[in-house]
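Trainee: Model the following, please.
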Amino acid sequence: MSTEEELTEQIKDLGAQVKAAKDAGKDKAEWEPIVKDMLAAKAKFKEVTGKDYGPPPKEKKGKQPAQQEASTKNKEKNAAKAKAKAEKEEKKRKQREERERKEREKAEKLAGVGQDNFGDTPLVQSQVVTDKKWTSIDHLTPALAGQKILVRGFLQTSRGVGKGVFVLVRSTLYTVQGVAFQGGDISQAMVKYIDGLPLESVVDMEGMVTVPDAPIDSATQKMVEIQITSFNCVSKANQALPFLMIDACRPDEKKESDVGANEESEEVKREDGLISVGQKTRLDYRWIDLRTPANQAIFRIESMVGCLFRECLLKKGFIEMHSPKLIGGSSEGGADVFNLDYFGSPACLAMSPQLHKQMAAACSGFERIFTSGPVFRAENSNTKRHLCEFTGLDLEMAIDEHYDEVMDVFSDLFISIFDGLNERCKPELERVREQHPFEDLKYLRPTLKITYAEGCALLREAGIDQDDYEDLSTENEKALGNIVREKYDTDFFFMDKYPLDVRPFYTMPDPENPKLSNSYDFFIRGQEILSGAQRVHDPEMLEKRATEHGIDLSTLEEYINSFRNGALPHGGGGIGLERVVMLFLGLPNIRKASMFPRDPRRLAP
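Mentor: You can find the predicted model right below:
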């Protein structure tokens with residue numbers, strides 16, 4: 001076995017041979033086997049000695065003091081750099097976390113997370129009572145500037161503009177504009193919520209009252225604006241609207257005639273290209289149509305007519321009665337009644353309180369009676385001034401000598417009503433006028449009175465054919481109204497001494513001319529709004545008159561018998577409430593003055 005020394009010499013010799021061959025530029029193929037033998041010898045060397053062939057590793061020299069000092073400074077410098085880097089990274093981490101926190105808070109704020117100043121309110125079930133105070137929109141004036149208020153109403157319009165939204169909230173006759181722009185407590189989500197609410201939803205709007213730089217033409221409260229701080233939906237309009245309120249509120253383009261056939265349409269074609277809601281659509285969805293300020297005003301005016309009617313008559317010593325609406329036979333002996341079965345007996349809906357108010361005033365000793373309630377006419381009349389059900393304002397009173405006493409009461413009554421409407425309903429009249437322009441009613445004090453014959457003569461003077469004993473047609477009534485306005489400067493007058501043949505059986509005949517009667521009609525703008533007369537209070541004359549009208553006396557037995565025990569001379573009349581309102585306001589159709597009209601073609605809603 002070779003020793004360490006022998007193997008060392010062998011490796012050195014082989015290495016020298018390889019070097020010499022390379023130096024001599026010999027081909028690799030010639031010296032490559034020598035390299036393999038050298039490598040094999042080195043492997044054998046390691047096998048024998050347990051160590052790799054080669055010189056021993058050099059001993060490391062110990063560092064000198066100066067070198068040791070430099071090394072320590074480098075370590076301190078590197079440590080400082082590492083610390084600074086760590087601190088910088090920590091600062092960046094904290095800044096990143098702060099930035100992420102702010103972005104998260106901003107996103108949550110934009111999304112309305114945690115905000116309670118907008119959203120749908122719980123269903124109002126009368127479960128709580130809070131200290132909230134609502135302000136009526138009509139009370140909003142510049143005097144409230146700087147004050148925080150809360151209003152409730154219908155969301156009429158909503159208009160998003162950039163990062164803000166403008167709304168118009170309506171309550172009864174009045175509207176106010178509110179505005180909200182992103183910033184502070186107004187989040188993007190809040191603006192989006194307000195802008196996305198369905199129109200005509202019921203909302204609560206809270207905010208600060210401010211005075212705008214210029215009047216807000218779209219609102220009735222033109223000199224105030226609400227800077228919204230909270231906005232909540234109380235009742236959402238989930239059903240699609242059949243029409244937009246802006247279209248339903250649009251002013252009439254032209255004046256429509258108030259006589260002729262009633263025609264219904266879904267939309268009105270306008271010359272300006274805009275849309276107006278037609279009468280059929282309005283009446284089919286009357287509960288929405290009634291929300292318009294004009295309609296709100298019309299029926300407040302109508303309510304006031306009833307109040308003024310009562311006020312005036314109560315001051316004159318009248319009392320109110322409530323007459324039955326279910327009767328056997330017709331009220332006035334006519335055939336145009338709604339018949340019904342009354343537990344096996346024939347009956348009908350009263351077409352007038354006539355017979356019972358006479359019984360009360362003349363036969364029961366109440367002397368001065370008035371009543372208000374529905375009357376029913378089964379007339380298949382599809383005109384602009386007829387309804388199958390309307391509200392009658394009736395009075396009946398005892399007279400001392402002459403039925404002029406009754407006409408004087410009616411004259412005072414109407415003047416009181418007209419004065420009262422002009423004094424008490426100024427905002428309502430303006431709301432109506434904005435959509436349905438009309439001229440103020442002209443009336444005289446005392447009321448103009450002409451005879452029927454004088455009225456017929458005026459028509460003939462104007463070239464209109466009219467006999468003194470023929471009933472006036474609707475066209476001739478309208479023409480006479482225009483003639484009277486031109487001649488006497490009044491829209492309101494009454495005619496006396498109508499032909500007896502055109503009046504009901506209970507009308508008192510004229511004592512001097514048997515062809516005439518002690519009866520009268522009152523007119524507004526050429527249309528009749530009241531018909532009245534002195535009544536027959538003698539039972540034998542009543543029977544004679546009823547027979548002449550072809551009425552079965554058995555259907556009037558109780559009525560006629562009520563005059564057999566003594567009856568006061570008396571007279572009265574019946575007023576059509578809806579027609580008074582229609583004509584006072586110059587409306588073209590009586591259906592505009594009936595909240596839920598009933599005519600031959602309409603029984604709903």
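Trainee: tell me which element residue 37 is part of?
Mentor: helix 28-49 (DSSP states H and E).
Trainee: could you say what helices and strands that helix packs with?
Mentor: helix 4-23 (3 or more CB pairs under 8 Å, 6 or more residues apart in numbering; DSSP states H and E). C-beta: built from backbone N, CA, C; applies to glycine.
Trainee: what is the orientation angle of the helix holding residue 37 with helix 4-23?
Mentor: Computed with axes from the mean of the first three to the mean of the last three CA atoms, to 10 degrees, the direction of helix 28-49 lies at 160 degrees from that of helix 4-23.
Trainee: what's helix 28-49 in contact with?
Mentor: For helix 28-49, contacts defined as CB atoms under 8 Å, 6 or more residues apart in numbering pick out 1-4, 7-8, 10-11, 14-15, 17-18, 21-22, 52-53.
Trainee: just those now: which is nearest residue 129?
Mentor: Nearest to residue 129 among those is residue 52, at 100.2 Å by CB to CB.
Trainee: Please work out the average pLDDT along the biggest helix by length in the chain.
Mentor: When the chain is parsed with DSSP state H, its longest helix is helix 65-110. Averaged over helix 65-110, pLDDT sits at 79.
Trainee: Report the distance from that helix to the chain centre.
Mentor: 64 Å (CA atoms, centre = their mean, to the nearest Å).
Trainee: what's residue 450 sitting at in phi/psi?
Mentor: Main-chain dihedrals, residue 450, degrees, to the nearest 10: phi -130, psi 160.
Trainee: what's the spacing between the closest residue to it other than its chain neighbours and residue 478?
Mentor: In space, and not counting its chain neighbours, residue 450 is closest to residue 495: 5.6 Å by CB to CB, 6 or more residues apart in numbering. Distance of residue 495 to residue 478, given as CB to CB, to the nearest Å: 14 Å.
Trainee: So for stretch 525-543, what gets flagged as buried?
Mentor: Neighbour-count burial for stretch 525-543, counted by 16 or more other CB atoms under 10 Å, picks out 525-537, 539, 542-543.
Trainee: Residue 416 contacts residue 307, doesn't it?
Mentor: No: using CB atoms under 8 Å, residue 416 is not in contact with residue 307, being 11.0 Å away.
Trainee: So for those two, which sits in the more crowded spot?
Mentor: Each of residue 416 and residue 307 has its neighbours counted (other CB atoms under 10 Å); residue 416 has more, 17 against 12.
Trainee: So the residue lying closest to the more buried one once chain neighbours are set aside, which state does it fall into?
Mentor: Among residues not flanking residue 416 along the chain, residue 312 sits closest, at 4.3 Å (CB to CB, 6+ apart). Secondary structure, DSSP: H, G, I helix; E, B strand; the rest coil: residue 312 is helix.
Trainee: separation between residue 312 and residue 358?
Mentor: When residue 312 is compared with residue 358 (using CB to CB), they lie 21 Å apart.
Trainee: Neighbour count: the two, which is higher?
Mentor: residue 358 (25 against 20).
Trainee: Test my guess that that one contacts residue 506.
Mentor: Yes: shown here, residue 358 and residue 506 form a contact pair, counting by CB under 8 Å, at 7.3 Å.
Trainee: quick one on the thing from earlier: could I have the CA atoms of whichever strand or helix holds the residue nearest to residue 450 written out in PDB?
Mentor: For residue 495, the host element (DSSP H and E) is strand 492-496. Provided in PDB are the C-alpha atoms of strand 492-496 (Å, rounded to 0.1, in the frame of the first residue of the first chain):
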ATOM      1  CA  PHE A 492    -125.500  87.600 -10.400                       C
ATOM      2  CA  PHE A 493    -129.300  88.300 -10.700                       C
ATOM      3  CA  PHE A 494    -132.600  86.600 -10.200                       C
ATOM      4  CA  MET A 495    -135.800  86.400 -12.300                       C
ATOM      5  CA  ASP A 496    -139.300  86.300 -10.800                       C
END
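Trainee: Pairing partners for that strand, with directions?
Mentor: strand 448-451 (parallel), strand 519-524 (antiparallel) (DSSP bridges).
Trainee: where in the protein is pLDDT low?
Mentor: In the predicted model, the chain carries pLDDT under 70 at residues 1, 56-68, 104, 107-114, 329-335.
Trainee: Which strands border the strand or helix carrying residue 346, and is each parallel or antiparallel?
Mentor: Using DSSP H and E, residue 346 sits within strand 345-349. Strand pairing for strand 345-349, using DSSP bridges, gives strand 326-327 (antiparallel), strand 339-342 (antiparallel).
Trainee: Using JSON lines, lay out these together with distance to residue 554 and mean neighbour count.
Mentor: Shown next, in JSON lines, are these (distance: least, CB to CB, whole Å; neighbours: other CB atoms under 10 Å):
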{"stretch": "strand 326-327", "distance to residue 554": "14", "mean neighbour count": "16"}
{"stretch": "strand 339-342", "distance to residue 554": "16", "mean neighbour count": "11"}
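Trainee: Next, format those strands as a markdown table and append distance to residue 442.
Mentor: Shown next, in a markdown table, are these (distance: least, CB to CB, whole Å):
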| stretch | distance to residue 442 |
| --- | --- |
| strand 326-327 | 39 |
| strand 339-342 | 43 |
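Trainee: quick one: contacts for residue 215?
Mentor: 222, 223.
Trainee: you'd agree it is in a strand?
Mentor: No: going by three-state DSSP, the assignment for residue 215 is coil, not a strand.
Trainee: Please state the backbone phi and psi of it?
Mentor: phi -60, psi 140.
Trainee: Quick check: it vs residue 222, distance?
Mentor: Taken as CB to CB, the span from residue 215 to residue 222 is 4 Å.
Trainee: do residue 354 as well
Mentor: Distance from residue 354 to residue 222, by CB to CB: 49 Å.
Trainee: Show me which of the two is the more surrounded one.
Mentor: A side-by-side neighbour count of residue 354 and residue 222, using other CB under 10 Å, places residue 354 first with 24 against 15.
Trainee: Wait, that one touches residue 506, no?
Mentor: Yes: counting by CB under 8 Å, residue 354 does reach residue 506; the two are 7.2 Å apart.
Trainee: What segments of the stretch 101-250 of the chain are helices?
Mentor: With helices called from DSSP state H, counting those that start in this stretch, the stretch 101-250 of the chain shows them at 188-196, 245-248.
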